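Colleague: Structure, please.
(one chain, ligands or ions: 3)
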Amino acid sequence: MFKKVLKFGGTSVGTIERIQHVAKIIKNEQSSGNKVIVVVSAMAGKTNELIDLSNKISSEFNKRELDVLLSSGEQVTCALLSGALIDLKIKAKSWLNWQIPILTNGDHANARIVNMNVEKINKYLEDKGVAIIPGFQGISKNGDVTTIGRGGSDATAVAVAKIFNADTCEIYTDVDGVFSTDPNKIPVAKKIDKISYDEMLELSSLGAKVMQPSAVQTAMMYDIPLEVRSTFTERKGTKIFSQENIDYTKSVTGVAYSKDDAKITIIGVQDRPGIAANIFEPLSKAQINVDMVIQNISSDQKTTDITFTVKRDDVFKTKEILRKNNKIKYNEIIHNDKVAKVSIVGAGMVSTPGVTYRMFRALSDENINILAISTSEIKLSVIINENNILKAIKKLHTIFDLD
Ligand code: ADP
Ligand code: ASP
Ligand code: MG
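Modeller: Ligands and ions are numbered 1, 2, ... in the order given. Purely as a prediction, here's the structure:
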């Protein structure tokens, strides 16, 4: 008998028929004698729909009220799924975030789960009930409803697994597991049977939305093994766990991409010590995350161009801060938000020389210009023009033997 956390994402509970199908999966688990805690997302598209509603009132809709609004999506799924289980003669009950409670720290829309009360739910599991709890949310010290970031039901599932000391944490979704790249974009993508926390963290941070990065980070920190699998097939999924259990025959495990970035160039900025600090200090104070930075060689020894990337949503705020910054002098600031970041990730890169060169050669063979580069031990990212994205992913997928 195991204590299991089963998390079902938005597509998995996207229609009434799908909710009824999920209820059958849960029934099987429970009938096998397992204690089951279920974490659910809002029905597919619901959270976006609620955001659109708030935008119709104001683009600066009150943050507290936005969290109240957005958390309602998961509440709907909880009740429908509990009802479906009860209809199958399974003892089941939904809990709202404040009824548990799920305690969070931090700002609205970006809170973090810090604890949960386990007593009532553990008792309910002992009494052979299935507990259904809402992902993506909690309640703050002040008693306000909070949400924990988009895709946050994954993080709820991992937190529940940790706090309830579960034996397994299974992430049910609309694909068979974690693939070498997005299987909905590149059909030859291959399912990965096992992947390390580090690699999964890089892949998800770089755009593979199959797992939310902060969920992977928590799982890694507390060594909670995860399994990503399909709601709609019986196929074996992907195990995510610590590195010792994995054997690396390939230098690259996966290719990720995102369209969240934009590139900003400051042309003709003075070339002397302290300028970079003067540029980036106010950005960091304004919580703007700068990712890649490139400084061109100064041809006249006096001025240079500095290019860097920020999140696309931060472009205008960044430009405004730069314009108001009287510690820097420059000729012009330009930006390009039609760019994409393509990354290769693999723990095997550490021991394989030549990966960097092969990536650059492959892109040049496709006539793709590299606009910026960043590397870490197990990843290599490049910024390219957005319209080259599919060509780049396909090529990299092929040359690193992932097809
Ligand atoms: P859920 O609603 O179940 O949380 P998401 O939509 O958040 O599901 O994540 C699943 C989606 O992630 C898939 O449908 C797929 O298009 C996308 N995806 C992106 N990269 C990958 C990858 N490397 N492996 C699997 N899926 C990926
Ligand atoms: N419903 C939330 C979202 O769409 C949380 C989740 O699905 O994980 O972001
Ligand atoms: Mg998700």
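
Colleague: quick one: contacts of stretch 394-403?
Modeller: Here stretch 394-403 makes contact (CB atoms under 8 Å, 6 or more residues apart in numbering) with 180-181, 186, 188-190, 250-252, 254-255, 342, 344, 346, 358-359, 362-363, 365-366. C-betas here are computed from N, CA, C, even on glycine.

Colleague: Of those residues, grab the buried ones for PyMOL.
Modeller: Here is the PyMOL command that selects the buried residues among the contacts of stretch 394-403 (16 or more other CB atoms under 10 Å):
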select buried, resi 180+181+186+189+251+252+254+255+342+344+346+358+359+362+363
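
Colleague: Take the contacts of stretch 394-403 and keep only those in strands.
Modeller: Among the contacts of stretch 394-403, DSSP state E puts 254-255, 342, 344 in strands.

Colleague: neighbours of N388, just the number please.
Modeller: 18 (other CB atoms under 10 Å).

Colleague: Looks to me like it is in a helix.
Modeller: Yes. Assessed by DSSP: H, G, I helix; E, B strand; the rest coil, N388 belongs to a helix.

Colleague: wait, isn't it in contact with S364?
Modeller: No. Between N388 and S364 there is no contact under CB atoms under 8 Å: 11.7 Å.

Colleague: Just give me the longest helix of this structure.
Modeller: Ranked by number of residues, the top helix in the chain under DSSP state H is helix 63-87.

Colleague: How far off centre is the very next helix or strand once past that one?
Modeller: Next in sequence after helix 63-87, counting helices and strands by DSSP states H and E, comes strand 92-94. In terms of CA atoms, centre = their mean, to the nearest Å, the centre of strand 92-94 is found 28 Å from the chain centre.

Colleague: what helices or strands is strand 92-94 leaning on?
Modeller: For strand 92-94, the packing partners by 3 or more CB pairs under 8 Å, 6 or more residues apart in numbering; DSSP states H and E come out as helix 63-87, strand 130-134.

Colleague: Return the mean pLDDT over the last one, rounded to an integer.
Modeller: Averaged over strand 130-134, pLDDT sits at 98.

Colleague: tell me the angle of it relative to helix 63-87?
Modeller: With axes from the mean of the first three to the mean of the last three CA atoms, to 10 degrees applied, the angle from strand 130-134 to helix 63-87 works out at 160 degrees.

Colleague: which residue sits closest to whichever residue of the stretch 151-300 of the chain sits closest to ligand 3 in space, ignoring its chain neighbours?
Modeller: Of all residues in the stretch 151-300 of the chain, the one sitting closest to ligand 3 is G151 (4.2 Å; CB to the ion). Of all residues not flanking G151 in the chain, Q212 sits nearest, at 3.9 Å (CB to CB, 6 or more residues apart in numbering).

Colleague: Now do the one you found, the pLDDT please.
Modeller: At Q212, the model reports a pLDDT of 97.

Colleague: measure it to ligand 1 for me?
Modeller: Remark: distance between Q212 and ligand 1 (CB to the nearest ligand atom, to the nearest Å) = 7 Å.

Colleague: What of K209?
Modeller: 5 Å.

Colleague: Does that residue touch G151 like I think?
Modeller: Yes. Under the criterion of CB under 8 Å, K209 makes contact with G151 at 6.3 Å.

Colleague: Show me which of these two is the more surrounded one.
Modeller: G151 (21 against 15).

Colleague: Tell me which residues touch R150, please.
Modeller: Residues near R150 by CB under 8 Å, 6+ apart: 47, 212.

Colleague: can you check S82 too?
Modeller: By CB under 8 Å, 6+ apart, S82 lies in contact with 92-94, 130, 132.

Colleague: Report pLDDT for the residue lying farthest from the centre of the chain.
Modeller: Most distant residue from the mean C-alpha position of the chain: D300, 43.6 Å away (CA atoms, centre = their mean). At D300, the pLDDT value in this model is 78.

Colleague: Sheet-wise, list the partners of the host helix or strand of K239 with their directions.
Modeller: Counting by DSSP H and E, the element that carries K239 is strand 238-241. If you go by DSSP bridges, strand 238-241 pairs up with strand 194-196 (parallel), strand 226-230 (antiparallel).

Colleague: Pull up the residues of the protein that are close to ligand 3.
Modeller: Neighbours of ligand 3 within the chain, by CB under 5 Å from the ion: 9, 151.

Colleague: and if we set it to 6 Å?
Modeller: Applying CB under 6 Å from the ion, we find that the chain lies next to ligand 3 at 9, 151, 154, 209.

Colleague: by contact count, what packs against the host helix or strand of I306?
Modeller: In this assignment (DSSP H and E), I306 forms part of strand 303-311. Packing partners of strand 303-311 (3+ CB pairs under 8 Å, 6+ apart): strand 261-270, helix 275-285, strand 290-295, strand 372-376.

Colleague: List the buried residues for the second one?
Modeller: I take that to be helix 275-285. Across helix 275-285, burial judged by 16+ other CB under 10 Å covers 275-276, 279, 282-283.

Colleague: Please state the offset of that helix from the chain centre?
Modeller: Averaging C-alpha positions (CA atoms, centre = their mean) puts helix 275-285 27 Å from its chain's average.

Colleague: so who does E126 touch?
Modeller: If you count contacts by CB under 8 Å, 6+ apart, E126 has them with K35.

Colleague: what's the spacing between it and K35?
Modeller: The gap separating E126 from K35 is 8 Å, by CB to CB, to the nearest Å.

Colleague: What number of neighbouring residues does G149 come out with?
Modeller: G149: 17 neighbours (other CB under 10 Å).

Colleague: what's the pLDDT at it?
Modeller: For G149, the model assigns a pLDDT of 96.

Colleague: Equivalent analysis for G152, please.
Modeller: On the pLDDT scale, G152 is placed at 98.
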